[in-house]
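Student: sequence first, then the predicted structure:
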Amino acid sequence: MTKYSFDSVYINDKNKELINAYAIIRDSAEDLILLLKDLQAKFWKSSTQERTEFYYNIRDKFNSTELTHKTKLEKAAFFIFLNKTCFNGLYRVNKNGKFNVPIGLYKFR
């Protein structure tokens, strides 16, 4: 039992990609998991150089795809993938609003 009782709760943030990811997790988790498993499988089967190319390809797709009703699932998958594979899990955009964090140089399995 919680200490507080609310009729409704709202989540809000200036980062529309973060809010989109939250909404997709809330509403379409199973579909999101399938997309993330596909991205993960492609990433893990690759060499270090191929992983780097794959990361930057996904980053380019993320940056060039407008967030719309039709693209929101894919954008959420890209957002989470990039967050897990970028340098220190940062979310940073340039002055044009494009995600620009480099790949993290981790020792993968």
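Tutor: Yep, it's here. Just so it is clear, the structure is predicted and the values come from calculations on it, not from any experiment.
Student: quick check: next helix or strand after the host helix or strand of residue 20?
Tutor: Per DSSP states H and E, residue 20 falls inside helix 16-44. Counting by DSSP H and E, the next helix or strand C-terminal to helix 16-44 is helix 48-64.
Student: and the angle from that following helix to helix 16-44?
Tutor: Going by axes from the mean of the first three to the mean of the last three C-alpha atoms, to 10 degrees, helix 48-64 is angled at 160 degrees with respect to helix 16-44.
Student: just the angle for whichever helix or strand comes after helix 48-64 relative to helix 16-44, thanks.
Tutor: Remark: after helix 48-64, the chain's next helix or strand is helix 72-85, criterion DSSP H and E. If you take the same axes, to 10 degrees, helix 72-85 sits at 70 degrees to helix 16-44.
Student: just checking, what packs against helix 72-85?
Tutor: helix 16-44, helix 48-64 (3 or more C-beta pairs under 8 Å, 6 or more residues apart in numbering; DSSP states H and E). The way it works is simple: take the backbone N, C-alpha and C, and place the C-beta from them, glycine included.
Student: save those as CSV, and put in distance to residue 88 too.
Tutor: Below are those laid out as CSV (distance: least, C-beta to C-beta, whole Å):
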stretch, distance to residue 88
helix 16-44, 17
helix 48-64, 14
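Student: so for residue 102, which of those sits nearest?
Tutor: Comparing the helices and strands packed on helix 72-85 against residue 102 with C-beta to C-beta, the closest turns out to be helix 48-64 (8.5 Å).
Student: okay, which residue is most central for the protein?
Tutor: residue 79 (1.4 Å; C-alpha atoms, centre = their mean).
Student: one step back: buried sites along the helix holding residue 20?
Tutor: For helix 16-44, the neighbour count (16 or more other C-beta atoms under 10 Å) marks 17, 20-21, 24, 32, 35-36, 39, 43 as buried.
Student: can you give me phi and psi for the closest residue to residue 56 other than its chain neighbours?
Tutor: Residue nearest to residue 56 in three dimensions, not counting chain neighbours: residue 103, with 7.1 Å by C-beta to C-beta, 6 or more residues apart in numbering. Backbone torsions for residue 103, taken as degrees, to the nearest 10, come to phi -60, psi 150.
Student: quickly list what residue 103 is bridged to.
Tutor: residue 86 (DSSP bridges).
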